Each structure stands twice: as C-alpha cells, then as structure tokens.
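> Whatever this is, show me its structure:
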Amino acid sequence: MPRHGTKRNADKPVILAQTRPTVDKPVQCWAHSQSGVRCVRRVTPREDEPLPIPYCEMHLKHGDGALKVVPHPFAGKCLVARYDLPP
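You can find the predicted model right below:
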C-alpha cells in the first residue's frame with residue numbers, strides 16, 4: 001500500500017479542465033416551480049450577450065416565484081427564497 005508522499009501516477013486523481021460555456025449548446029431555463037419541477041424551455045441568446053442569462057424569455061420578464069425582494073436594514077433590498085430550492 002503506497003504511503004502519502006510517494007510519487008506514483010496511478011494514485012493521483014485525474015483533474016480535467018472545465019470547458020468554457022458557449023452559446024453553441026442549448027441551455028435549459030433555470031426556473032423551478034414550487035413543486036421542484038424545472039422549466040423545459042430552452043434559453044435563446046439575446047443581442048450583445050456573450051453567454052445567455054439562464055432564464056427563458058417568460059421567466060426573465062416575470063420571474064419564477066422562487067425569490068422575492070425584501071427590505072434590508074443595511075443594504076436596502078435583498079433576495080430571499082420563498083421556499084426550499086433544489087440543489
């Protein structure tokens with residue numbers, strides 16, 4: 001059994017580089033309902049947007065109801081979840 005500090009390549013985990021997100025692949029809307037069901041709409045790139053905001057047109061305009069703006073005593077306003085959000 002190898003000890004810590006030995007130099008064997010088989011014992012080291014392989015770390016793969018992350019790929020940069022692109023607009024080439026369709027992105028699913030991030031909005032969720034209160035029951036946890038995710039929106040099935042695809043996000044389309046908008047003008048002058050290198051990477052799309054991950055909300056469909058409807059949820060970008062109206063929100064998904066998961067968050068609400070509340071007054072904050074020091075910051076002015078903050079976002080809070082209306083219900084437990086999925087991981």
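> Now do the helix or strand bottoming out on mean pLDDT in the chain: everything it contacts.
Least confident helix or strand of the chain, by mean pLDDT, DSSP states H and E, is strand 27-28 with a mean of 82. Residues outside strand 27-28 that contact it (CB atoms under 8 Å, 6 or more residues apart in numbering) are 38-43, 52, 54. All C-beta spots, glycine's among them, are computed from the backbone N, C-alpha and C.
> for stretch 46-57, same thing?
Outside stretch 46-57, the residues touching it (CB under 8 Å, 6+ apart) are 21-23, 27-31, 39, 41-45, 60, 64.
> and of the contacts of strand 27-28, the nearest to residue 85?
Closest to residue 85 out of those is residue 38 (11.3 Å), distances taken as CB to CB.
> Could you tell me the end-to-end distance of stretch 30-46?
By CA to CA, to the nearest Å, the extent of stretch 30-46 from end to end equals 16 Å.
> Tell me where the model's unsure across this structure.
Along the chain, segments meeting pLDDT under 70 span 1-13, 15-25, 50-52, 86-87.
> Do you have the helices of it handy? List them.
When assigned using DSSP state H, the helices of the chain occupy the ranges 57-62.
> which residues in it form strands?
Remark: strands assigned in the chain by DSSP state E are 27-28, 42-43, 67-72, 76-81.
> Out of these, flag the one nearest residue 14.
strand 27-28 (27.1 Å).
> Pairing partners for the closest one, with directions?
Counting by DSSP bridges, the strands paired with strand 27-28 are strand 42-43 (antiparallel).
> residues making contact with the strand it pairs with?
By CB under 8 Å, 6+ apart, the residues outside strand 42-43 that reach it are 26-29, 52-56.
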